[in-house]
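K.L.:
below is the sequence, then the predicted model.
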Amino acid sequence: MSIQPANSDRFRHLTGIVHTWIQPILVAVRSWIQLMFASLRLSPTSDMPLIAASTHPQDQLIESDGQLVSGGHTRERPPHQLVKRLVRTDLKPNGNYVGVNLSHLNLQGIDLHGAVLIHANLQGVNLQGANLKGANLGGADLSGANLTGAILERTDLSGAILQKAILCDAQLNNAVLKAIDLRQADLTAANLRGSDLCRANLSQAIFCHANLYQISVIDAQLQYANLSAAILSGADLSGSDLSHANLAIAQLRGTILRRCALNNTNLSHAQLSSASLRGADLESAMLQGANLSHANLSFTDLRHTDFSNADLSEVNFSGANFYRANLSNANLSGARMVFVDLTEANLQGAMLLRANLSDANLQRANLSNTRLNRAYLSSTNFMEARLTGANLIGTNLLRANFQAADLQNIVLRRSYMSNANLQQANLSSADLSGADLSGVQLEAACVTEARFWENLGLNEALRLDLQERGASVISCSFRFRQAQPLELSEFDTEDLPEKGRQTDEVKGDLHDRCLDIEENLQNWREMLNMLKADLAAWGNYGNFTPGVLKKYASIQQITHAFEASCIQCEVVVQKYKEQLFSQVDLMTCDQLTNWITTEFPTELDDLHEQILKLKSYRQTTHALWIKLHKLR
């Protein structure tokens, strides 16, 4: 049967239309089949790194999250491109290997300086002796990796995971280690000098003998970390948690540990001279034999802390809590312990020469055999404390409270005890020779065999009462009257040795009281300097309302007035010392004897009033400082 031309033309037209529609679909299906075939034939095992087949290393393309990185540019990987396993020889210095998986490879001694390995998987990899200087491993996972002796100078490891990694003898100086995870990592003898570990997690890590000089470890986690014999001098660990950490024999000279958690931390025999621990929590910490000379531990929590045999000379402990702390045989000479709480603390055998414990609370504390010579103990509370055999020669005990205290065999010679409370105290065999006992309270005190020789402030009735209670009493002027032989009474005796001895003793007492004034002046000066520094930095805290600025101006005005008064006081005290000592030197023996019994107590009381005034000025300055901070 023949087909008509018209019908044939219609058929060819219909076939062309179908071919036009079907052809793209056939091409797409063919491409899909080819892709599936290639995938079945060449697909690598899961998690294996893919790299484009190329005869030129510089043209290598690295797969990351379904994309390719080449020459620093990211593009989609064509579906037809072949891939192969990444091997050691594919890794070059300064290369770009973002997100690659190199887990458990042996890369010992490899040179990858300047390489980019951000978010790379390096779990369990062997990088012993590798050179990663200046590399970027931000966010990389190096858990369990071995980096012994590796060079990581100026390497960026921010946010990297190195849990249980080994970095013994590694060089990490000036590295960026912010927010790094080094839990249970071993950094024995590693060098991290100048590195930044802010907000890092270093709990249970090992830093024995590591060099951490001047590192920044602010707000980091170091619980149970081992830093024994590590060098941390000049480091900043502000706000970090070092609870239960081991810092025995560590070098922490000048280290900043403000607001740190150091409870139950081992700092035995550590070097902490001039360190700043203001506001730190050291409850139950171990500091036996540690050196904290000239350190700042003001307002710290030191409950149950062990400072036995430690060097605490010239330390600022103002406002600290020493409840039941152990300070036995510690050296606290020159320490500032104003307003500290030493309730039930153990200070047996401690040395507190010239220490300032004014307004401190030592209730039920053990101070047996302590040395408190020339210490400043004004208004200190020794209620029910034990001071047997303690040495308090020349101490300032104005208004001190010794009620019901055990003072057997205590030495209080030439101490200034005006208005002290000794009620119910045990003063058996105590030596109070030459002490100023003006206004002292001795009701119900045991004074058996106690020495009250040549005391100021004791009236005749009290002397007789003390004698009846078994004390040995000698009048203040008795020895002075007996010192001059009758046959020399008509001669001038101002050159006699007795005159020189009296003069030296009086000048010694006056000198000590002047030192007390200078101590209070220094405390006031330090508080003023702190207030002035905060006033000067006020502009850094932003804008304030007119009301706040008015209060600021008022505080600033008072501070300037106090500054002028402090300078004037310093000049007046110096002139007073010179004039008074000169006056004493010019007195004859009779004049000096009369002055000691009549005017000397008044002079001491006047000095006491000046001390109280300076104390109130210091407290007012401190109140202004607190008010200033509340304005922010």
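P.N.:
Yes, it's here.
K.L.:
spit out the contact partners of the most centrally placed residue in the chain.
P.N.:
Among the residues of the chain, the one closest to the centroid is Leu277, at 1.8 Å (C-alpha atoms, centre = their mean). By C-beta atoms under 8 Å, 6 or more residues apart in numbering, Leu277 lies in contact with Leu257, Arg258, Cys260, Leu262, Ala295, Asn296, Leu297, Thr300. Backbone N, C-alpha and C define where each C-beta goes, glycine included.
K.L.:
identify the residues contacting Arg525.
P.N.:
The contact partners of Arg525, by C-beta under 8 Å, 6+ apart, come to Cys566.
K.L.:
tell me which element it is part of?
P.N.:
Assigned by DSSP states H and E, Arg525 belongs to helix 497-536.
K.L.:
and the helix or strand just after that helix, how far out from the chain middle?
P.N.:
Next along the chain after helix 497-536, taking DSSP H and E as the criterion, comes helix 546-586. Its chain's average C-alpha position is 32 Å from that of helix 546-586, according to C-alpha atoms, centre = their mean, to the nearest Å.
K.L.:
got the angle for helix 546-586 vs helix 497-536?
P.N.:
Comparing the axes of helix 546-586 and helix 497-536 via axes from the mean of the first three to the mean of the last three C-alpha atoms, to 10 degrees yields an angle of 170 degrees.
K.L.:
returning to that earlier point: from the contacts of Leu277, which two are the most distant?
P.N.:
Within these, two members stand farthest from each other by C-beta to C-beta: Leu262 and Asn296, at 14.1 Å.
K.L.:
show me which of the two is the more surrounded one.
P.N.:
When Leu262 and Asn296 are compared on other C-beta atoms under 10 Å, the one with more neighbours turns out to be Leu262, at 29 against 22.
K.L.:
isn't the more buried one right up against His244?
P.N.:
No. The pair formed by Leu262 and His244 falls short of the contact definition of C-beta atoms under 8 Å, at 9.4 Å.
K.L.:
what is the burial count for the nearest residue to Gly279 once chain neighbours are set aside?
P.N.:
In space, and not counting its chain neighbours, Gly279 is closest to Arg259: 4.8 Å by C-beta to C-beta, 6 or more residues apart in numbering. By the measure other C-beta under 10 Å, the count of residues near Arg259 is 16.
K.L.:
also the one 10 residues further on?
P.N.:
By the other C-beta under 10 Å criterion, the neighbourhood of His269 contains 19 residues.
K.L.:
contact partners for Ser423?
P.N.:
In this structure residue 423 is Gln, not Ser. With C-beta under 8 Å, 6+ apart, Gln423 has these contacts: Gln403, Ala404, Gln441, Leu442, Glu443, Ala444, Ala445.
K.L.:
would you turn the residues you listed into a markdown table with distance to Val100?
P.N.:
What follows is the contacts of Gln423, written out as a markdown table (distance: C-beta to C-beta, whole Å):
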| residue | distance to Val100 |
| --- | --- |
| Gln403 | 76 |
| Ala404 | 76 |
| Gln441 | 83 |
| Leu442 | 85 |
| Glu443 | 86 |
| Ala444 | 85 |
| Ala445 | 83 |
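K.L.:
hang on, the earlier thing: in the helix holding Arg525, what's buried?
P.N.:
Residues of helix 497-536 classed as buried by neighbour count (16 or more other C-beta atoms under 10 Å): 498-499, 502-503, 506, 509-510, 512-521, 523-525, 527-528, 531-532, 534-535.
K.L.:
cool, and stretch 617-632?
P.N.:
Of the residues in stretch 617-632, those buried by neighbour count under the rule 16+ other C-beta under 10 Å are Tyr617, Arg618, Thr621, Leu624, Trp625, Leu628.
K.L.:
likewise stretch 301-316?
P.N.:
Neighbour-count burial for stretch 301-316, counted by 16+ other C-beta under 10 Å, picks out 301-316.
K.L.:
restricted to helices, list these.
P.N.:
Assignment to helices by DSSP state H places none of the buried residues of stretch 301-316 there.
K.L.:
now the two most distant members of the residues you listed.
P.N.:
Counting by C-beta to C-beta, the most remote pair of those is His304 and Glu314, 24.0 Å apart.
K.L.:
low-confidence ranges, the stretch 351-500 of the chain, go.
P.N.:
Low-confidence segments of the stretch 351-500 of the chain, defined by pLDDT under 70, are located at 476-500.
K.L.:
how about the strands of it, start to end?
P.N.:
Read by DSSP state E, counting those that start in this stretch, the stretch 351-500 of the chain holds these strands, from start to end of the chain: 451-453, 472-474.
K.L.:
want to throw those strands into a markdown table with mean neighbour count and distance to Leu142?
P.N.:
Formatted as a markdown table, these follow (neighbours: other C-beta atoms under 10 Å; distance: least, C-beta to C-beta, whole Å):
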| stretch | mean neighbour count | distance to Leu142 |
| --- | --- | --- |
| strand 451-453 | 22 | 74 |
| strand 472-474 | 17 | 78 |
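K.L.:
and these as a markdown table, adding distance to Ala179?
P.N.:
Written out in a markdown table, the entries for those read as follows (distance: least, C-beta to C-beta, whole Å):
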| stretch | distance to Ala179 |
| --- | --- |
| strand 451-453 | 67 |
| strand 472-474 | 72 |
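K.L.:
residues near Gln556, how many?
P.N.:
Residue crowding around Gln556 was assessed by other C-beta under 10 Å; the count is 17.
K.L.:
ignore what I typed, I meant Asn594.
P.N.:
Burial of Asn594 is recorded as 15 neighbouring residues (other C-beta under 10 Å).
K.L.:
so what pLDDT did it get?
P.N.:
The predicted local confidence for Asn594 comes out at a pLDDT of 77.
K.L.:
what about it, which SS state?
P.N.:
Secondary structure assignment for Asn594 (DSSP: H, G, I helix; E, B strand; the rest coil): helix.
K.L.:
tell me how far it lies from Asn369.
P.N.:
With the distance defined as C-beta to C-beta, to the nearest Å, Asn594 ends up 39 Å from Asn369.
K.L.:
same check, this time on Gly144
P.N.:
Here the distance between Gly144 and Asn369 works out to 55 Å (C-beta to C-beta).
K.L.:
please apply the same query to Asp341.
P.N.:
Here the criterion is C-beta to C-beta. By it, Asp341 lies 22 Å from Asn369.
K.L.:
when the two are compared, which one has more neighbours?
P.N.:
Summary of the neighbour comparison: Asp341 and Asn369, criterion other C-beta under 10 Å, with Asp341 having more neighbours (20 against 17).
K.L.:
isn't His119 up against Ser158?
P.N.:
No. When contacts are counted by C-beta under 8 Å, His119 is not listed as touching Ser158 (11.5 Å).
K.L.:
give the residues shared as contacts by the two.
P.N.:
Counting by C-beta under 8 Å, 6+ apart, the contacts common to His119 and Ser158 are Gly138, Gly139.
K.L.:
and the two? Which one has more around it.
P.N.:
Counting neighbours by other C-beta under 10 Å for His119 and for Ser158 shows that Ser158 has the greater number, 21 against 17.
K.L.:
wouldn't that one be in contact with Ala179 here?
P.N.:
Yes. Using C-beta under 8 Å, Ser158 is in contact with Ala179, at 6.2 Å.
K.L.:
now for Asn211: which residues touch it?
P.N.:
For Asn211, the residues meeting the contact criterion (C-beta under 8 Å, 6+ apart) are Asn173, Ala190, Asn191, Leu192, Arg193, Ala230, Ile231.
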